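Student: I would like the atomic coordinates for the input below:
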Amino acid sequence: MTKKNKQLADTVYLILAALFIASLVASNLIFQKFFYWEPFGWYRFEISVGILPYPITFLITDILSEIYGKKKANQVVIAGIFASFFSMIIIIIADFAPAIDSSPVNDEVFHQVFGVSPLAVFASMIAYLFAQFIDIRIFHFWKKQTNGKHLWLRNNFSTFASQFMDTFTVLFLLCSFHILPWTIFTSLLISGFLFKVLIAALDTPVLYGIVFLFRRRFHLGVGQEILD
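Tutor: Take a look at the predicted model:
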């Protein structure tokens, strides 16, 4: 690889890592708002807005796994963990800091919105650890089994398994911490998992397009990684 291509590859890697971390941290901060979505009236999804950035993180780890390799993908996952815990510390400090009388957001409102975020971040991180490492491991298992072919197979198989683990674990912990009531556990589990599966299926063409552009730009063969 030429020096120019190496610099470009490093820059793209940093951009993808930044998008991954931003999506992860944002999902932990906005999770308390829930909404519903009824595509064509087929099914009513009742899900947290925190789920919206999450498919982006799995798409990015699949791109990194395919193009940069397992080690680079795992590095971004670990960086996301540190970023999330660091954001949790900032939130705790901000929650304890007393608001002045003229503050547009008083202590009560701030605590109501962000007060449970540390517990949410902890629950999310446990689920995230299981899900992302499972996603990367399964992705590379199928990549090896198929000799780098059938990208759709490893993309969807890895994401389906990891997304169920993520959804189940985070909801179980949030209900255990009494942040969410157990009465909505099953409905949120089904809605959250089906939503993630749907998005994972829809993002497969996007993954193919991005991988195609990477392979053409960096002259990579099928299954070949930048560090090969």
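
Student: Tell me, how many residues neighbour residue 145?
Tutor: 12 (other Cβ atoms under 10 Å). (Each C-beta comes from the backbone N, C-alpha and C, glycine too.)

Student: now swap in the one 3 residues further on and tell me
Tutor: Burial of residue 148 is recorded as 16 neighbouring residues (other Cβ under 10 Å).

Student: Phi and psi next, for it.
Tutor: phi 80, psi 0 (degrees, to the nearest 10).

Student: I'd assumed residue 224 was in contact with it.
Tutor: Yes - counting by Cβ atoms under 8 Å, residue 148 touches residue 224, with 7.1 Å between them.

Student: Spit out the residues that contact those two alike.
Tutor: The contact sets of residue 148 and residue 224 do not overlap (Cβ atoms under 8 Å, 6 or more residues apart in numbering).

Student: Residue 47 belongs to a helix?
Tutor: No - counting by DSSP: H, G, I helix; E, B strand; the rest coil, residue 47 is not found in a helix; it is strand.

Student: How about the contacts made by it?
Tutor: Neighbouring residues of residue 47 by Cβ under 8 Å, 6+ apart: 34-37, 188, 191-192, 195.

Student: Most neighbours among those residues, which one?
Tutor: For those, neighbours were counted using other Cβ under 10 Å, and residue 192 has the most, 24 neighbours in all.

Student: distance of it from residue 96?
Tutor: Residue 192 sits 32 Å away from residue 96, going by Cβ to Cβ, to the nearest Å.

Student: Please pull out the lowest mean pLDDT helix or strand from the chain.
Tutor: Sorted by mean pLDDT, DSSP states H and E, the helices and strands of the chain end with helix 117-145, the least confident at a mean of 72.

Student: and it, what does it pack onto?
Tutor: Based on contacts counted as 3 or more Cβ pairs under 8 Å, 6 or more residues apart in numbering; DSSP states H and E, the elements that helix 117-145 packs against are helix 3-29, helix 54-67, helix 70-96, helix 151-176.

Student: Relative to residue 203, which of these is closest?
Tutor: Evaluated over these, closeness to residue 203 peaks at helix 54-67, with 5.1 Å, by Cβ to Cβ.

Student: buried ones in that closest one?
Tutor: Neighbour counts over helix 54-67 (16 or more other Cβ atoms under 10 Å) mark 54-67 as buried.

Student: Next, the angle helix 117-145 makes with it.
Tutor: Between the axes of helix 54-67 and helix 117-145, defined by axes from the mean of the first three to the mean of the last three Cα atoms, to 10 degrees, the angle is 30 degrees.

Student: quick one: contacts of helix 54-67?
Tutor: Contacts to helix 54-67, defined as Cβ under 8 Å, 6+ apart, come from residues 13, 16, 19-20, 23-24, 27, 72-73, 76-77, 80, 131-132, 135-136, 139-140, 143, 151, 154-155, 158-159, 162-163, 166, 196, 199-200, 203, 206-207, 210-211, 214, 218, 220, 225-226.
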